[in-house]
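# Mind looking at a prediction? Sequence and model below.
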Amino acid sequence: MKNKLFVLILFVIGAAVGYFIFNHKSTSSTDDYPVPFSHYVHTSKHKIKCVNCHRGVETDARAGIPNIDYCSMCHSTLINPASKREKIIYNLVKENKPIVWKVHYTVPDYVYFSHRRHVKLGKLDCTACHGDMTKQDSPDLKNFSPIMMPFCFNCHEQKDITTDCGNCHH
């Protein structure tokens, strides 16, 4: 009984600390991003699937973030970029400059998380954790909410998957 109470208290304290650390108001603007990226344009307009750009989601622990080489497969064919957004990425591709993406999701060193385990084996859709990114038109993720332990714990309980600490923490 004391162990369960201790775990519960630790869980509540961790959730509260995480909430205050991660739930601050973002003061960033689209100027803070190297590319005015739009998930909406790529996923809804051009029908590109998440796994096409975020390679490794189905095979690796970590999801990939596209580099300039990958972006150039489509963007180098634009002869006359029409919009300001297209001109920015076109110039980066033309000059072969790397894109330093702003990282939104990080996994602490003491946590083991595998995209492959969740996406390929668990058959979870990206939206289960990341929300519907197909409507996100700005690189500043307005609907961003960090993924924290209570979120994971609840999902594991709902799907009757182990919540043993050693399964995810090391």
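Cool, the structure landed.
# What strand or helix carries the most centrally placed residue in the chain?
The geometric centre of the chain, computed from its C-alpha atoms, lies nearest to residue 105 (Cα atoms, centre = their mean), at 5.1 Å. Using DSSP states H and E, residue 105 falls within no helix or strand.
# Can you get me a residue count around residue 115?
By other Cβ atoms under 10 Å, the residues close to residue 115 number 22. Using the backbone N, CA and C atoms, a C-beta is placed for each residue, glycine as well.
# Contact partners for the residue nearest to the centre of the chain?
Going by Cβ atoms under 8 Å, 6 or more residues apart in numbering, residue 105 touches 130, 146, 147.
# Residue 86 too?
Remark: with contacts taken as Cβ under 8 Å, 6+ apart, residue 86 is in contact with 75, 78.
# Confirm it sits in a helix?
Yes: membership of residue 86 in a helix is supported by DSSP: H, G, I helix; E, B strand; the rest coil.
# Tell me the confidence at it?
Confidence at residue 86, expressed as pLDDT, is 82.
# quick one: residue 122 and residue 72, what's the gap?
Here residue 122 is placed at a distance of 33 Å from residue 72 (Cβ to Cβ, to the nearest Å).
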